[in-house]
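[1] I'll drop the sequence and a predicted model, then ask my questions.
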Amino acid sequence: MIRSVVLGSGAATPRRSMSNAEFEKIVDTTDEWIVQRTGIHSRFIADADETTATLGTRAAEAALADAGLTPDEIDLIILATSTPDNTFPATAVDIQNRLGMHHGFAFDIQAVCTGFIYAITTADLYIRGGMAKRVLVIGAETFSRLLDWEDRTTCVLFGDGAGALVLGASDSTGTVGERGIISASLRSDGAHKDKLFVDGGPSTTGSIGHLRMQGREVFKHAVAMITDVITSAFERAGLGVDDIDWFVPHQANRRIIDASARKLGIPPEKVVITVDRHGNTSAASVPLALSVAIADGRIKKGDLVLLEAMGGGFTWGAVLLRW
Ligand code: ACO
């Protein structure tokens with residue numbers, strides 16, 4: 001059988017990091033409130049010349065360099081984003097052009113914070129279906145452009161950035177000890193739309209709109225949804241919590257991450273946390289967190305890694321892969 005194996009990874013953040021102290025000057029908030037409720041100390045905010053396409057391209061170039069590949073050797077680009085540069089064409093196609101790639105195909109996936117989990121799962125199906133041998137999977141966002149900078153309940157939570165993986169086809173006998181994506185589980189339920197959405201769009205207001213969130217409502221559902229989908233991914237793989245080396249969750253809120261890990265029985269030393277420095281970067285959050293844990297030597301070849309995300313829609317999902 002064929003399995004999708006990680007060949008390289010990369011990340012990119014905007015130049016400017018913005019501290020909680022800077023928010024104290026903009027809205028009625030404090031560093032103490034933000035840290036205590038979310039675990040966030042700072043986040044990166046894109047300058048005018050930094051967009052989802054430029055950040056995504058930088059992350060893609062880093063992932064290609066890490067894999068020792070050129071764009072000529074990529075068949076497909078999938079970009080997870082809710083903040084495209086234009087309503088159309090897909091920002092993935094723009095990134096394809098910026099990389100100097102004029103063969104193959106590229107498209108965007110929109111599943112808000114779960115976007116990267118949906119994208120990696122889709123890439124895996126293209127690879128296992130034989131339609132692509134090497135896929136560049138990118139999560140890139142400029143959520144700062146969707147924020148209502150006068151709404152203290154949301155503007156302090158989000159940040160900008162991008163992360164990317166190169167996945168490649170590899171022969172496998174299909175055992176859980178071999179490298180590659182082992183199992184995944186995806187969910188969505190539109191009944192929760194009003195709890196987390198953007199109040200604009202081309203077909204309704206004709207404008208971009210602003211992010212609106214009932215934070216407490218999202219929080220209430222998050223832990224149960226995350227743990228359900230992880231349990232389902234474990235069942236599909238015939239594996240359990242004790243088998244994993246690293247848990248790389250969506251970085252929305254430290255309290256949600258801690259509560260999910262506690263409920264699943266994952267010890268804190270196996271949990272990768274970057275929400276302190278990135279904030280919630282939506283579809284970029286999981287690959288950005290991966291890049292930190294790879295760079296500091298925690299995630300190594302052969303490790304069993306559990307990825308998870310939950311976000312607007314609601315959408316939620318988990319992926320188990322042997323690095
Ligand atoms: N600074 C100071 N006070 C604030 C701020 C702020 N930035 N924001 C809200 N408050 C106040 C509220 O007004 C409220 O005041 P009140 O009691 O006088 O009414 C008080 O703090 C408590 O507000 P809550 O909303 O109950 O605070 P909570 O403890 O729930 O924390 C938070 C809010 C951080 C948003 C939390 O609910 C959360 O993280 N929710 C989940 C968000 C999430 O996971 N999103 C993931 C998906 S994101 C995506 O898909 C794009």
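    Structure received.
[2] ok and the residue in the stretch 151-300 of the chain nearest the ligand?
    With C-beta to the nearest ligand atom, the shortest gap between the stretch 151-300 of the chain and the ligand falls at Gly215, namely 2.7 Å. All C-beta spots, glycine's among them, are computed from the backbone N, C-alpha and C.
[3] separation between the spatially closest residue to that residue that is not a sequence neighbour and Lys195?
    If the residues on either side of it in the chain are set aside, Gly215 comes closest to Thr153, at 6.1 Å by C-beta to C-beta, 6 or more residues apart in numbering. Between Thr153 and Lys195 the computed distance is 13 Å (C-beta to C-beta, to the nearest Å).
[4] equivalent analysis for Leu146, please.
    According to C-beta to C-beta, Leu146 stands 16 Å off from Lys195.
[5] and the residue lying closest to Gly10 once chain neighbours are set aside, how many neighbours?
    With C-beta to C-beta, 6+ apart as the measure, Ala62 is the residue that lies nearest to Gly10, at 2.6 Å, once sequence neighbours are left out. One way to gauge burial is a neighbour count; for Ala62, by other C-beta atoms under 10 Å, it gives 19.
[6] let's verify Ala62: helix, strand, or coil?
    Under the three-state scheme (DSSP: H, G, I helix; E, B strand; the rest coil), the conformation of Ala62 reads as helix.
[7] can you map out the helices along this protein?
    Chain-ordered helices for the chain, with DSSP state H as the definition, fall at 20-24, 31-38, 52-67, 91-98, 115-128, 152-155, 215-237, 254-264, 275-278, 285-295.
[8] packing partners of the third one?
    Okay, so that is helix 52-67. Helix 52-67 sits against strand 2-12, helix 91-98, strand 134-142, strand 160-171, with contacts defined as 3 or more C-beta pairs under 8 Å, 6 or more residues apart in numbering; DSSP states H and E.
[9] equivalent analysis for the first one, please.
    On a contact count with 3+ C-beta pairs under 8 Å, 6+ apart, helix 20-24 meets helix 31-38.
[10] distance from the helix it packs on to the middle of the chain?
    Taking the mean of its C-alpha atoms, helix 31-38 sits 23 Å from the chain's own mean (C-alpha atoms, centre = their mean, to the nearest Å).
[11] next, the angle helix 215-237 makes with it.
    Helix 31-38 and helix 215-237 are oriented at 40 degrees to each other (axes from the mean of the first three to the mean of the last three C-alpha atoms, to 10 degrees).
[12] in helix 31-38, what's buried?
    Of the residues in helix 31-38, those scored as buried under the neighbour-count criterion (16 or more other C-beta atoms under 10 Å) are 31, 34, 37-38.
[13] packed most tightly, which of the helices and strands packed on helix 52-67 would that be?
    The densest packing among those, expressed as mean neighbour count by mean count of other C-beta atoms under 10 Å, is seen in strand 134-142 with a mean of 31.
[14] who's in contact with stretch 215-224?
    153-154, 157, 192, 195-196, 252-253, 255-256, 259-260, 263, 310, 314 (C-beta atoms under 8 Å, 6 or more residues apart in numbering).
[15] any quick ChimeraX command for the buried ones out of those?
    Of the contacts of stretch 215-224, the buried ones can be selected in ChimeraX as follows, counting by 16+ other C-beta under 10 Å:
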select :154,157,192,195,196,252,253,255,256,259,260,310,314
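[16] sweet, I'm off.
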